[in-house]
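Engineer: 3D model of this:
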Amino acid sequence: WHICRSPGGTMPYQYADGERVLSSGEAKMLVDALSAVTISNETRCGADKDTLQLRVTTPAGEKLYLDDFYACQKNGVYVSNIDPVFEVSYHLAN
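Structural biologist: Next up, the predicted model:
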């Protein structure tokens with residue numbers, strides 16, 4: 001992972017990198033969240049939300065998916081249900 005957090009809950013925020021092997025239950029949580037992500041036909045344009053990007057790497061290459069909260073920007077492939085992926089991932093990284 002590569003996340004921005006505040007060590008000890010105080011400023012300044014810093015990037016923290018890490019990795020670990022997930023238990024089978026943890027992996028299932030993440031796979032379930034990823035399985036709910038779908039290509040979006042949304043055209044809305046929200047405000048006041050973090051910009052979320054999901055980068056998927058497979059043997060065929062890398063693909064970037066964007067949060068459909070900002071779909072009106074038309075900057076790539078937008079997906080729905082991206083938030084749970086980040087909620088689970090952040091939980092697993094802590």
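Engineer: hey, where'd the strands end up in the chain?
Structural biologist: 2-5, 14-17, 38-39, 53-58, 61-67, 77-80 (DSSP state E).
Engineer: Neighbouring strands of the first one in the sheet, and parallel or not?
Structural biologist: Translated: strand 2-5. Using DSSP bridges, the strands paired with strand 2-5 in its sheet are strand 14-17 (antiparallel).
Engineer: which residues sit against the strand it pairs with?
Structural biologist: 1-7, 93 (Cβ atoms under 8 Å, 6 or more residues apart in numbering). Using the backbone N, CA and C atoms, a C-beta is placed for each residue, glycine as well.
Engineer: Let me see the contact set for K63.
Structural biologist: 55-56, 77.
Engineer: Try it again at 6 Å.
Structural biologist: V56 (Cβ atoms under 6 Å, 6 or more residues apart in numbering).
Engineer: Can you give me the pLDDT of it?
Structural biologist: Per-residue pLDDT puts K63 at 95.
Engineer: That one and S6, how far apart?
Structural biologist: 31 Å (Cβ to Cβ, to the nearest Å).
Engineer: Please apply the same query to G18.
Structural biologist: Using Cβ to Cβ, we find G18 at a distance of 16 Å from S6.
Engineer: same question, V85
Structural biologist: For V85, the distance to S6 equals 22 Å [Cβ to Cβ].
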